[in-house]
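Student: One predicted model, sequence on top.
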Amino acid sequence: RPGSRSTRGGNPNTQERSELMATPPQVWDPHAASHVRALLTVVGERVAALVDESRRPDDVPDERRGHVFPLDLVIRDARDLAGVDSRLVISDADLSDDMTRWAMLCGLSDSELGSLIVAAAVHVDPRFEAFFIVLNNEVDTRGPSVATTLRLIGSDPSSPEGRRIFDADGFLSRMGLIELRRQDHPLPTRIVDASERFVRHLLGDGRFDGRVDNLLSWRSEPLIPGELLPDTGPFPEVPPLGSRHESAIVCMRSHQGSGAVCIAHHRLHMSGHPRALMLDAHDLPHDASECRDAVHASLREAALACTPMIVDARRIAADRVAEVIALLDQSFIPVIVITGPSVSVDLPPDRIVDVPVAAPAVRDAWLDYLTNQISSPRTVDTLQRLEPEDIRERLLHGNEKISASAPSDMGTLARPVIPTFRLSHVIVHDQVEGELSHLLSRVRLRDRVFDDWAMRPGGTRGRGITALFAGPSGTGKTMAAEALAGELGVPLFHVDL
């Protein structure tokens, strides 16, 4: 049924959207295939009706067509899909609950959803390849043309409204759900191809695309309650996916220890998005083409799950932040990008939020809350500006887990080292032991001195602390550096110059 996005009740409000999204995504829906078969029976009947309708009294008789798709056989095979259930219209009962919920949250019109089903048909049942060759009236095609797709969903191929579905900047294309082949052809004869990931989603496969399986994670339950998070003041509206809002990106510029990810998730939850997809931009491929493909695949996963994204871009260079935001801005997916405090982004001022550093009392409250939640016997040094996620990991695994998470893409000059020593393992003179302890205290206390007490160093001096370990081989220089990293729970890198 061609129509507006209101055919399934319109875009849900905040409360309805929260209820629709409350169900966690399934890894596999065993009942989806039966619903797909019901959909294809209707598509097959429509194929038969269109082929039968196209026949003329002066057509070449089927017996003279040889192996070139006799129309009687095409009609017979198309109707074999339907069996005794011969219908020309897809009903809501033919759609699975997940597909109905997904279509509503995405704000899909009947025409858009029908186009997706038609494009996916050839990927599910190979008989549709022959059907589309006949309807396209072209042997060298393996899927429905734009004109064939529009005819099968009951729309006029010359209708501007119907053709707009296949615009390059339309929802289906920008979300990576369809792709038009043969771009050098006029629009009606271009081939509509459904992405394999959408086909798997239609068949009930909720697993991520293999290219981003190791990049994405779900954020469902709040790690820290909203009342324990710093106040960011006014926050930009996070539009629902179904609104297809062009300005769907919010940038949060934050310092370390601000609880930015928890704030982002809390704001999404308040906007009716109980869960979100997490992407650490540091894990994206460095190759520009591979990075673009990974971002687009991530956005498609968000579209299929009808969830916004939180992209943590604090560990990448400023120029790469701009590239990632430009890629994210090509979709309708609501995205909150978290960057460092001084990063300049090309977004309207009302889409940028500067997040303050959490006060020491707030960080202590995080530790108390997480300690009670986890019941961990470990202690965590809150003098450092730790994120709630870091506090949780240290309560669960100690410093070893944090140190082991060091990135491995450091090139040929550097390699990560997992610290196994502590200062108590290093046997040195009392004076050297005191200097190492002093160095450790400077690192632990610098955030309190620079931020909480506002005693910043003069000139161009920053937060970095440099120490020179000198001495003959075997006196414990490397061991001392490893012990400091182990005490602080920070990554250690061995750089060979």
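Tutor: Arrived safely.

Student: Going by C-alpha atoms from here, please, whenever you check contacts or count neighbours.
Tutor: OK.

Student: Quick check: Arg422 touching Leu484?
Tutor: Yes: because the distance of 6.8 Å satisfies CA atoms under 8 Å, Arg422 is recorded as touching Leu484.

Student: what's the burial count for Arg163?
Tutor: Neighbouring residues of Arg163 were enumerated by other CA atoms under 10 Å; the total is 17.

Student: again, but for Gly476
Tutor: Gly476 has 16 neighbouring residues, counting by other CA under 10 Å.

Student: cool, and Ala365?
Tutor: Taking other CA under 10 Å as the definition, Ala365 ends up with a neighbour count of 15.

Student: What of Gln256?
Tutor: 17.

Student: which SS state does it fall under?
Tutor: For Gln256, the secondary structure call by DSSP: H, G, I helix; E, B strand; the rest coil comes out as coil.

Student: higher neighbour count, Arg422 and Leu484?
Tutor: Taking neighbours as other CA under 10 Å, Arg422 and Leu484 compare with Leu484 leading, 21 against 17.

Student: which secondary structure element contains that one?
Tutor: Secondary structure here is read from DSSP states H and E; on that basis Leu484 sits in helix 477-488.

Student: So, low pLDDT: which residues of this structure?
Tutor: Across the chain, residues meeting the criterion (pLDDT under 70) sit at 1-30, 55-88, 246-247, 382-383, 399-412, 451-452, 456-462.

Student: Strands along that one, start to end?
Tutor: For the chain, the strands defined by DSSP state E cover 178-181, 191-194, 216-219, 249-254, 276-280, 309-312, 335-339, 352-355, 414-417, 492-495.

Student: I'd like these as CSV, with mean neighbour count and distance to Ile427 appended.
Tutor: Below are those laid out as CSV (neighbours: other CA atoms under 10 Å; distance: least, CA to CA, whole Å):
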stretch, mean neighbour count, distance to Ile427
strand 178-181, 19, 64
strand 191-194, 25, 65
strand 216-219, 17, 43
strand 249-254, 25, 40
strand 276-280, 22, 39
strand 309-312, 25, 40
strand 335-339, 27, 41
strand 352-355, 19, 43
strand 414-417, 16, 21
strand 492-495, 16, 20
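
Student: Out of those, flag the one nearest Arg37.
Tutor: Closest approach to Arg37 among the strands of the chain is made by strand 191-194 (16.8 Å; CA to CA).

Student: same for the closest one, what does it pack against?
Tutor: Applying 3 or more CA pairs under 8 Å, 6 or more residues apart in numbering; DSSP states H and E, one finds that strand 191-194 makes contact with helix 110-124, helix 146-152, strand 178-181.

Student: which ones are touching Pro240?
Tutor: With contacts defined as CA atoms under 8 Å, 6 or more residues apart in numbering, the neighbours of Pro240 are Leu105, Pro334.

Student: Okay, angle between the longest helix seen in the chain and helix 110-124 too, please.
Tutor: Among the elements of the chain assigned as helix by DSSP state H, the one spanning the most residues is helix 32-54. What separates the directions of helix 32-54 and helix 110-124 is an angle of 100 degrees, with axes from the mean of the first three to the mean of the last three CA atoms, to 10 degrees.

Student: what separates helix 32-54 from the chain centre, distance-wise?
Tutor: 33 Å (CA atoms, centre = their mean, to the nearest Å).

Student: How about stretch 222-241?
Tutor: Per CA atoms, centre = their mean, the displacement of stretch 222-241 from the mean C-alpha position of its chain is 19 Å.

Student: ok, now stretch 215-229?
Tutor: Relative to its chain's centre, stretch 215-229 lies at 16 Å (CA atoms, centre = their mean).

Student: Pull the residues that contact that stretch.
Tutor: Outside stretch 215-229, the residues within contact range by CA under 8 Å, 6+ apart are 259, 262-263, 265-266, 274-280, 283-284, 298, 358, 362, 365-366, 369-370, 388-389.

Student: Distance check, the spatially most central residue of the chain against Val212.
Tutor: Closest to where the C-alpha atoms of the chain average out (CA atoms, centre = their mean) is Ser298, at 3.7 Å. In this structure, Ser298 and Val212 are 6 Å apart, going by CA to CA, to the nearest Å.

Student: Which members of the contacts of stretch 215-229 occur in helices, if any?
Tutor: Here DSSP H is the test, and the contacts of stretch 215-229 give Cys262, Ile263, His265, His266, Ser298, Val362, Ala365, Trp366, Tyr369, Leu370, Pro388, Glu389 as lying in helices.

Student: Drop anything exposed from those.
Tutor: Neighbour counting with 16 or more other CA atoms under 10 Å marks Cys262, Ile263, His265, His266, Ser298, Val362, Trp366, Tyr369, Leu370, Pro388, Glu389 as buried within those.

Student: got JSON lines for those residues, with distance to Phe332 too?
Tutor: Rendered in JSON lines, the data for those read as follows (distance: CA to CA, whole Å):
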{"residue": "Cys262", "distance to Phe332": "23"}
{"residue": "Ile263", "distance to Phe332": "22"}
{"residue": "His265", "distance to Phe332": "19"}
{"residue": "His266", "distance to Phe332": "21"}
{"residue": "Ser298", "distance to Phe332": "13"}
{"residue": "Val362", "distance to Phe332": "35"}
{"residue": "Trp366", "distance to Phe332": "34"}
{"residue": "Tyr369", "distance to Phe332": "36"}
{"residue": "Leu370", "distance to Phe332": "35"}
{"residue": "Pro388", "distance to Phe332": "30"}
{"residue": "Glu389", "distance to Phe332": "28"}
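
Student: Determine which two of those residues are furthest apart.
Tutor: Longest distance between any two of these is 33.2 Å, between Ser298 and Val362; criterion CA to CA.

Student: residues touching Val335, list them.
Tutor: Contacts of Val335 (CA under 8 Å, 6+ apart): Ala248, Ile249, Val250, Pro308, Met309, Ile310, Val311, Leu328.

Student: show me the contacts for Phe332.
Tutor: Phe332 is in contact with Phe171, Arg174, Met175, Leu241, Arg244, His245, Glu246, Ala248, counting by CA under 8 Å, 6+ apart.
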